[in-house]
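Asker: sequence plus the predicted model coming up.
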Amino acid sequence: MNATQQSHGFIDADEGRNWQRARDLRCFAPLVPLSTAGGCLAVTVSLWPVLPEWWPGWLALGLGLALGQWLSRQLIGAALAARRKFWVAVNALVAGAFWGGTSIVLNPSGSVEHQLLLAFVLAAIAAVWLPFYAFVRPSLVAFAVPALLPVAFDLLTSPTTPQTTMGSLLFVLIAAFAAIAEIAGRMLNAESAARRALYHRATHDPLVGLANRAEFHRRAQTLEIMRTHAYAVAFVDLDHFKQVNDSAGHACGDALLREIGAILRQAIRKGDTAARLGGDEFALLMRDCNAAEAAAVAATILERVAAVAPEVCGATRGPRVTASIGIACSADLCASPAALLEAADGACYRAKRGGRNRIEIATGIVSRAPSPRRRADQPLVADSPL
């Protein structure tokens, strides 16, 4: 998801999934520098009696690495999954190499107790990385191989029982991390999928799968708050839908609405919003759009809707369904989203009065609360002022 889409809240399914995973990863990202800085302090305290004279240089290197890890959190991107994997893998490899080098250069070979303390600290640091093993499975290899295997082999080949036992436990720990990462990864994916499903049900119409009225207004209000791009609102009302519903039944009407929803979804541009406001009324929210561009999208919709026959749901009689569309542009009318939708609704009503299956572009804003709009299937009276 690019920065514009993220700021405007226009997220498709794939982008929503990427954004959710990136947000989850950002929650855990501080663990990386904290594990490095905390590990350096823990090693310093644990090995204080046996540290070499140059240990301040090693500590400065570790704290510098922690600072770099902290700053690199900004590289986590929502749009490209490869960027997130790259960030985790590189940090795991660099941190693993640092701790593997630490286990070699600071190895207190003359003190079994301090060797075991060092191995314990490294195991604790590896455990802090568990969430990242779940997000990116190869990070376990990238971290554990350079960080734990050197000290594990060194302990396993030692002559004393405590050291060989600790070396064996480190190998067991690596296997346990792999199993836990697999289980945690599945749980994270399931939990993320459940959140996305709940959000989708709350913001989308269950029949046609488009955004619902509340989500449409939320996205429109977001555009208004940002005030960085002009946008257009189109009000789409089906012609003769009531007759189809009455003659062929509601099941046919529902199938027809689903077909219209698919047409709108395919006709809009990437980043725009198609919503069902209720009944046979739909709305489009098109960002970075002027009246001519909105009219081109609306013309495509008219053509495709007119090509849909009532037989799509098994009906063999009834009038052909078309659409009337009203368009209002923020650049032309300088109005709030609610006023633009109202103006587009009025333009749609004029399109119906003009013969249906037409497009009208609003040129003014309604200055008073509108009366309930009469359906085109009812007798027409004089046009209301706009």
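Answerer: That came through fine. Numbering: from 1, shown residues only.
Asker: low pLDDT regions in the stretch 251-386 of the chain?
Answerer: 309-319, 364-386 (pLDDT under 70).
Asker: can you report phi and psi for the residue of the chain most remote from its centre?
Answerer: Most distant from the centre of the chain: Pro159, at 53.9 Å, with distances by Cα atoms, centre = their mean. Torsion angles at Pro159 (phi, psi; degrees, to the nearest 10) stand at phi -80, psi -20.
Asker: mind listing what's buried in stretch 226-245?
Answerer: Buried residues in stretch 226-245, counted by 16 or more other Cβ atoms under 10 Å: 230-242, 244-245. Every residue, glycine included, has its C-beta placed from N, CA and C.
Asker: looking at those, which is nearest Asp24?
Answerer: Among those, Tyr231 lies closest to Asp24 (Cβ to Cβ), at 30.8 Å.
Asker: which strand or helix spans the residue nearest to Gly209 when sequence neighbours are not counted?
Answerer: Using Cβ to Cβ, 6 or more residues apart in numbering and skipping the chain neighbours, the partner closest in space to Gly209 is Gly261 (6.0 Å). Applying DSSP states H and E as the criterion places Gly261 in helix 250-267.
Asker: got a list of contacts for that helix?
Answerer: Contact with helix 250-267 is made by 205, 207-210, 236, 238, 241, 244-245, 274, 276, 280, 282, 284, 297, 300-301, 304-305, 308, 310, 312-315, 321, 323, as judged by Cβ atoms under 8 Å, 6 or more residues apart in numbering.
Asker: show me how to select, in ChimeraX, the buried members of the residues you listed.
Answerer: This is the ChimeraX syntax for the buried subset of the contacts of helix 250-267, where burial follows 16+ other Cβ under 10 Å:
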select :205,208,210,236,238,241,244,245,274,276,280,282,284,297,301,304,305,308,310,313,315,321,323
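Asker: now the strands: where do they sit in the stretch 151-300 of the chain?
Answerer: Taking DSSP state E, counting those that start in this stretch, the strands of the stretch 151-300 of the chain run over residues 231-239, 273-278, 281-287.
Asker: for the shortest one, packing partners?
Answerer: Helices and strands touching strand 273-278, by 3 or more Cβ pairs under 8 Å, 6 or more residues apart in numbering; DSSP states H and E, are helix 213-226, helix 250-267, strand 281-287.
Asker: any idea which of the ones you listed is most buried?
Answerer: Comparing the helices and strands packed on strand 273-278 by mean neighbour count (mean count of other Cβ atoms under 10 Å), strand 281-287 comes out on top with a mean of 25.
Asker: quick revisit: mind putting the helices and strands packed on strand 273-278 into a markdown table with distance to Ala126?
Answerer: Written out in a markdown table, the entries for the helices and strands packed on strand 273-278 read as follows (distance: least, Cβ to Cβ, whole Å):
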| stretch | distance to Ala126 |
| --- | --- |
| helix 213-226 | 42 |
| helix 250-267 | 47 |
| strand 281-287 | 46 |
